[in-house]
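Visitor: coordinates only, sequence not included:
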């Protein structure tokens, strides 16, 4: 009889609805237009944590932590090391990073290492260094060294960054975060991946997409450079020669 009761209890526990949370989130704009006067754009990410669909829960219990990782279009990058050879600085070593994010910024509601462990952060590519340890023919050691320098240089340009305490909770289950894209933000599709943590574990996640698009004359120049690189380079040389000749004529007068 006791075994039967235990079996019934196990069956009931397995069929009972599991308590779970879901994330309802959004971004303030889905398209950013870049013109000659573009000097950056401020984005707002917001969301609320609610009971999962079909759950009998009427409210969720925290405390929660939120991390938003904004990822820009992938590009091939080359990190080079310059050394002084007999008074001349030359590129002596390099490592190529294929499919490397052109933009990466992390916003969090607290210190990342206090939200979860480093393995979880690395596995979910939340840390900037996570993108520098992908398999590379150069080897793990050189990849990490050159990748760290590449991230440092891109951070100086405002293309990589971590803003801890960049996510603010306006209520127990409602958050908001603001991010300013720099004027040199690469055009293309962007993904904002939002993670909700509880007790160090990811309990919900959601992605939002937005795009950075060049319009007008800037779009024409960018397309010309990408589609017709030889003619674009030739036109630049001719324009430079004409500008130099015109400047000489004006100053001679």
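Guide: Received it, and whenever you're ready, just let me know what you need. Since this is a predicted model, take the numbers as computed values, not measurements.
Visitor: Determine whether the claim that residue 98 is in a strand is correct.
Guide: Yes. Per DSSP: H, G, I helix; E, B strand; the rest coil, residue 98 lies within a strand segment.
Visitor: Is the closest residue to it other than its chain neighbours in a helix, a strand, or coil?
Guide: Of all residues not flanking residue 98 in the chain, residue 76 sits nearest, at 5.2 Å (CB to CB, 6 or more residues apart in numbering). (Glycine included, C-beta is placed from N, CA and C.) Three-state assignment for residue 76 (three-state DSSP): strand.
Visitor: Residue 76 contacts residue 95, doesn't it?
Guide: No. At 11.7 Å, residue 76 does not count as touching residue 95 under the criterion of CB atoms under 8 Å.
Visitor: Looking at these two now, which is surrounded by more residues?
Guide: Ranked by neighbour count (other CB atoms under 10 Å), residue 76 and residue 95 place residue 95 first, with 22 against 9.
Visitor: which one is the most centrally placed residue in the chain nearest to, not counting chain neighbours?
Guide: Centroid-nearest residue in the chain: residue 71, 2.2 Å away (criterion: CA atoms, centre = their mean). Computed as CB to CB, 6+ apart, the closest residue to residue 71 that is not its neighbour in sequence is residue 191, at 4.9 Å.
Visitor: what element comes up after the helix or strand containing the one you found heading to the C-terminus?
Guide: Element membership for residue 191, per DSSP states H and E: strand 188-198. Next in sequence after strand 188-198, counting helices and strands by DSSP H and E, comes strand 201-214.
Visitor: Specify which residues of the stretch 51-200 of the chain, grouped into ranges, have pLDDT under the cut-off.
Guide: Residues of the stretch 51-200 of the chain meeting the criterion pLDDT under 70: 56, 84, 86-87, 89-91.
Visitor: which residues in it form strands?
Guide: With DSSP state E, counting those that start in this stretch as the criterion, the stretch 51-200 of the chain has strands at 65-71, 74-85, 88-101, 104-108, 160-164, 167-171, 174-181, 188-198.
Visitor: I'd like to know how many residues surround the residue nearest to residue 159 when sequence neighbours are not counted.
Guide: Of all residues not flanking residue 159 in the chain, residue 103 sits nearest, at 5.1 Å (CB to CB, 6+ apart). Applying other CB under 10 Å, we find 23 residues neighbouring residue 103.
Visitor: ditto for residue 80
Guide: 14.
Visitor: Next one: it from residue 96, what distance?
Guide: 10 Å (CB to CB, to the nearest Å).
Visitor: same check, this time on residue 29
Guide: In terms of CB to CB, residue 29 sits 34 Å off from residue 96.
Visitor: do residue 133 as well
Guide: Taking CB to CB, one finds residue 133 at 15 Å from residue 96.
Visitor: again with residue 24
Guide: For residue 24, the distance to residue 96 - CB to CB - is 40 Å.
Visitor: do residue 36 as well
Guide: According to CB to CB, residue 36 and residue 96 sit 32 Å apart.
Visitor: Equivalent analysis for residue 160, please.
Guide: 18 Å.
Visitor: Among these two, which residue is more densely surrounded?
Guide: Neighbours were counted for residue 160 and for residue 96 using other CB under 10 Å; residue 160 has more, 21 against 15.
Visitor: Look up the closest residue to that one, ignoring the ones flanking it.
Guide: residue 154 (4.4 Å).
Visitor: Just give me the neighbour total for that neighbour.
Guide: Using other CB under 10 Å, residue 154 has 20 other residues around it.
Visitor: go on, residue 126?
Guide: Neighbours around residue 126, by other CB under 10 Å: 23.
Visitor: Same question for the one 5 residues further on.
Guide: Using other CB under 10 Å, the number of residues around residue 131 comes to 19.
Visitor: I'd say it and residue 148 touch.
Guide: No. If you go by CB under 8 Å, residue 131 and residue 148 don't touch, sitting 10.9 Å apart.
Visitor: Stretch 51-66 spans what distance, first to last residue?
Guide: This stretch, stretch 51-66, spans 16 Å end to end (CA to CA, to the nearest Å).
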